[in-house]
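**Q** Here is my input; please provide its structure:
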Amino acid sequence: MRILIIGGGIAGSAAALALDKAGIAATVHEAHPEEGADIGAFLTLASNGMLALAQFDAAEAVSEVGFDLTTMRITGDTGTVVSTVPLGEVDDPLRRYRCLRRAELAAALRAEAVRRGIRVEHGKRFVSAEEDEDGVTAVFADGSTARGDLLLGADGIHSVVRSLTDPEATAPRYAGQRVFYGYTADAAPPSEPGRIDMLRGSSAAMGYAVSPQGETYWFARVSGEELTRAEIAGTTPTQWRDHLLPMLRPDATAAAEIVAATGERLTVTNASDLSTVTRWRTSRMLLIGDAAHAASPATGQGASMALEDAVVLAKSLRDAPSTDAALETYEQLRRPRVERNTVSSARLTTRKAPNRLRRTVRNYRDRFRRPGPPPSQADDLLTVQLDWESPLPVAAPSGN
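**A** Numbering: from 1, shown residues only. Purely as a prediction, here's the structure:
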């Protein structure tokens with residue numbers, strides 16, 4: 001089997017690594033011509049994401065960037081500590097939560113793919129694909145083509161592949177919050193090694209963690225109207241800092257101090273999600289990662305869900321007797337979990353998940369309902385899905 005992967009980010013690179021371990025050849029086609037410097041957003045990989053990485057032997061490579069998080073402290077706007085809770089499996093270095101920049105994670109996975117001899121082609125902007133009985137042909141903006149048995153759309157929330165698998169899919173939805181990300185070495189907020197602090201402000205929610213090198217990573221989520229591209233591109237970091245500070249100063253937390261100490265390394269984006277993607281696949285194309293199930297960042301599970309996708313897809317193709325059965329197995333296993341995450345993130349972002357989003361999840365829950373373990377055993381079921389040596393319960397082909 002030959003697989004074409006469109007997108008060399010987290011989902012695409014992880015899929016290539018997992019497929020390689022399953023003995024399936026894959027080529028990654030990335031639109032950007034080369035690695036780009038990007039202050040970008042940071043993220044937190046939870047234990048499930050680290051567990052997924054371990055299944056295709058990439059956890060150690062990723063553990064070389066970023067830093068561990070072992071506890072979370074929640075503080076109210078008055079400065080009172082609400083709670084402090086442990087994170088992940090502290091005794092296992094490869095199962096601890098990890099804080100790192102999104103770009104660092106993607107680069108580490110791509111580097112590991114190249115090290116293993118997986119082809120990664122840059123400057124390949126995908127524009128269309130044609131399916132036939134024998135395979136699928138991808139067409140790129142430079143006029144070149146690539147031929148494979150299956151095409152994976154790992155091209156993110158604004159996926160071009162999704163327009164082919166589901167022409168009726170709605171555009172990404174603004175989730176109601178602007179998300180700011182920044183980095184500073186000039187702040188000295190209260191911190192402990194391995195702790196992430198969540199601040200429940202009166203006008204904004206904020207989180208920060210201090211790296212072993214003394215650099216403070218922070219984000220802030222602020223409700224408001226969706227920002228236009230012109231506003232994002234035309235507003236300077238200083239202007240964004242001046243916009244944020246009046247919301248943070250009334251609170252008795254370290255939020256204002258951290259933002260005031262941040263220089264040019266500050267960026268902003270709109271929190272977005274996908275509320276309706278009816279079709280993840282055709283007979284020769286499949287969506288994975290944010291292309292299929294982008295959630296707002298509130299739960300911090302976006303990257304971890306993409307890493308889980310990679311493992312379950314590779315195992316499905318390994319264990320199923322046909323490609324159709326493999327894709328059906330993959331969708332039955334992944335849909336309920338990722339849709340629940342999308343709803344949970346929407347609730348945390350807007351306090352209430354949109355009716356359309358909740359209805360979509362309910363419809364797919366019913367569609368894929370089948371005998372299985374009770375909810376109390378959900379963690380055991382996930383372990384079976386992610387454990388590389390455990391065979392998957394293969395679904396009957398759907399004929400999709």
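**Q** burial measure for W280, as a count.
**A** 25 (other CB atoms under 10 Å). For the C-beta atoms, the positions are set from N, CA and C on the backbone; glycine is no exception.
**Q** my read: it touches D309, true?
**A** No: if you go by CB atoms under 8 Å, W280 and D309 don't touch, sitting 10.5 Å apart.
**Q** quick one: the helices in this protein?
**A** 10-21, 47-55, 59-62, 102-115, 162-165, 229-234, 237-248, 255-260, 290-293, 302-319, 323-350, 355-367, 378-386 (DSSP state H).
**Q** Would you single out the least confident of those helices?
**A** Between these, the one with the least mean pLDDT is helix 355-367; it has a mean of 47.
**Q** one step back: how about the helices of the chain in CSV, adding mean neighbour count?
**A** CSV is the format used below for the helices of the chain (neighbours: other CB atoms under 10 Å):
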stretch, mean neighbour count
helix 10-21, 28
helix 47-55, 24
helix 59-62, 18
helix 102-115, 20
helix 162-165, 20
helix 229-234, 10
helix 237-248, 16
helix 255-260, 22
helix 290-293, 28
helix 302-319, 26
helix 323-350, 21
helix 355-367, 15
helix 378-386, 15
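**Q** So for V82, which of the ones you listed sits nearest?
**A** Closest to V82 of those, according to CB to CB: helix 255-260, at 15.0 Å.
**Q** Which neighbouring elements make contact with that closest one?
**A** strand 173-184, strand 205-210, strand 216-223, helix 237-248 (3 or more CB pairs under 8 Å, 6 or more residues apart in numbering; DSSP states H and E).
**Q** what's the average pLDDT for the shortest one?
**A** Confidence for strand 205-210, expressed as mean pLDDT, is 97.
**Q** Same check on the third one?
**A** Strand 216-223 comes out with an average pLDDT of 96.
**Q** rewinding a little: so what sits against both of W280 and D309?
**A** Common contacts of W280 and D309 (CB atoms under 8 Å, 6 or more residues apart in numbering): A292.
**Q** ends of stretch 44-62, how far apart?
**A** Taking CA to CA, to the nearest Å as the measure, stretch 44-62 stretches 12 Å from start to finish.
**Q** Now tell me what touches that stretch from outside.
**A** 14, 17-18, 20-21, 66, 69, 87-89, 94-100, 105, 108-109, 111-112, 196, 300-301, 303-304, 307-308, 310-311, 314, 382, 386-388.
**Q** same thing but 6 Å
**A** 17-18, 21, 88-89, 94-95, 97-99, 108, 112, 300, 303-304, 307-308, 311, 386, 388 (CB atoms under 6 Å, 6 or more residues apart in numbering).
**Q** on that earlier part again, now render the helices of the chain as JSON lines, adding distance to G76.
**A** Shown next, in JSON lines, are those (distance: least, CB to CB, whole Å):
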{"stretch": "helix 10-21", "distance to G76": "33"}
{"stretch": "helix 47-55", "distance to G76": "27"}
{"stretch": "helix 59-62", "distance to G76": "33"}
{"stretch": "helix 102-115", "distance to G76": "29"}
{"stretch": "helix 162-165", "distance to G76": "40"}
{"stretch": "helix 229-234", "distance to G76": "31"}
{"stretch": "helix 237-248", "distance to G76": "14"}
{"stretch": "helix 255-260", "distance to G76": "12"}
{"stretch": "helix 290-293", "distance to G76": "32"}
{"stretch": "helix 302-319", "distance to G76": "27"}
{"stretch": "helix 323-350", "distance to G76": "17"}
{"stretch": "helix 355-367", "distance to G76": "29"}
{"stretch": "helix 378-386", "distance to G76": "31"}
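**Q** So for G153, which of those sits nearest?
**A** Using CB to CB, the helices of the chain put helix 290-293 closest to G153, at 4.6 Å.
**Q** what about dumping the CA coordinates of the closest one to PDB?
**A** Extracted C-alpha coordinates of helix 290-293, given in PDB (Å, rounded to 0.1, in the frame of the first residue of the first chain):
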ATOM      1  CA  ASP A 290      -7.900  19.100  12.700                       C
ATOM      2  CA  ALA A 291      -9.000  18.600   9.100                       C
ATOM      3  CA  ALA A 292     -11.700  16.200  10.500                       C
ATOM      4  CA  HIS A 293     -12.300  17.300  14.100                       C
END
